[in-house]
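Colleague: just to be clear, the model below is a prediction. Sequence and coordinates:
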Amino acid sequence: MAASPVQTCCDSLMQLYGQKPICLCPFLDDPSALSSFPINTTLALQLPQLCGLQIDPSICGGASLPSTSPGAQVSLGARPNSTVAASPVVTVAPRPSIMGFGIRNAEVRLKVQSQLLVLLMAAIYFSADN
């Protein structure tokens with residue numbers, strides 16, 4: 001079992017989850033997103049469990065993440081089982097965004113960056129134990 005995190009790490013994680021749980025979605029939906037940070041990914045993903053945080057998996061569901069394909073396809077077609085013929089599919093190029101999370105508002109971007117910093121610091125704590 002991994003070492004217990006310091007209480008401030010758990011408090012920060014719980015505060016983040018309590019106020020903006022969707023901020024954890026990029027890491028929960030795609031744990032490889034943590035690989036860009038110099039941390040122990042396994043321990044970082046165990047942080048919620050080690051802190052006793054019960055995460056509701058329905059908050060994410062992958063819907064919050066932008067497409068990773070070169071161009072996301074948006075269908076303007078008819079619903080399945082409809083008698084109307086489907087319209088053509090329109091290809092939309094993804095817009096540039098900070099860290100791939102689709103966040104363009106500077107204030108929101110700053111809040112997300114500070115929350116990610118808290119997660120990163122907690123994860124560094126765990127990687128330092130190794």
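Modeller: Thanks, I have it. Residues are numbered from 1 along each chain as shown.

Colleague: secondary structure element holding the closest residue to residue 51 other than its chain neighbours?
Modeller: By the measure of CB to CB, 6 or more residues apart in numbering, the closest residue to residue 51 outside its immediate chain neighbours is residue 10, 3.6 Å from it. (C-beta placed from N, C-alpha, C; glycine too.) For residue 10, the enclosing helix or strand under DSSP states H and E is helix 7-19.

Colleague: state the mean pLDDT of that helix.
Modeller: With pLDDT averaged residue by residue, helix 7-19 scores 91.

Colleague: list the helices and strands it packs on?
Modeller: Helices and strands in packing contact with helix 7-19 are listed as helix 41-50, helix 106-128; criterion 3 or more CB pairs under 8 Å, 6 or more residues apart in numbering; DSSP states H and E.

Colleague: picking that back up, so the residue nearest to residue 51 sits against residue 46, correct?
Modeller: No. In this structure, residue 10 sits apart from residue 46 without contact. The criterion is CB atoms under 8 Å, and the distance is 12.0 Å.

Colleague: what's the distance between the residue nearest to residue 51 and residue 4?
Modeller: As for residue 10, its distance to residue 4 is 9 Å (criterion: CB to CB, to the nearest Å).

Colleague: what is in contact with those two at once?
Modeller: residue 50 (CB atoms under 8 Å, 6 or more residues apart in numbering).
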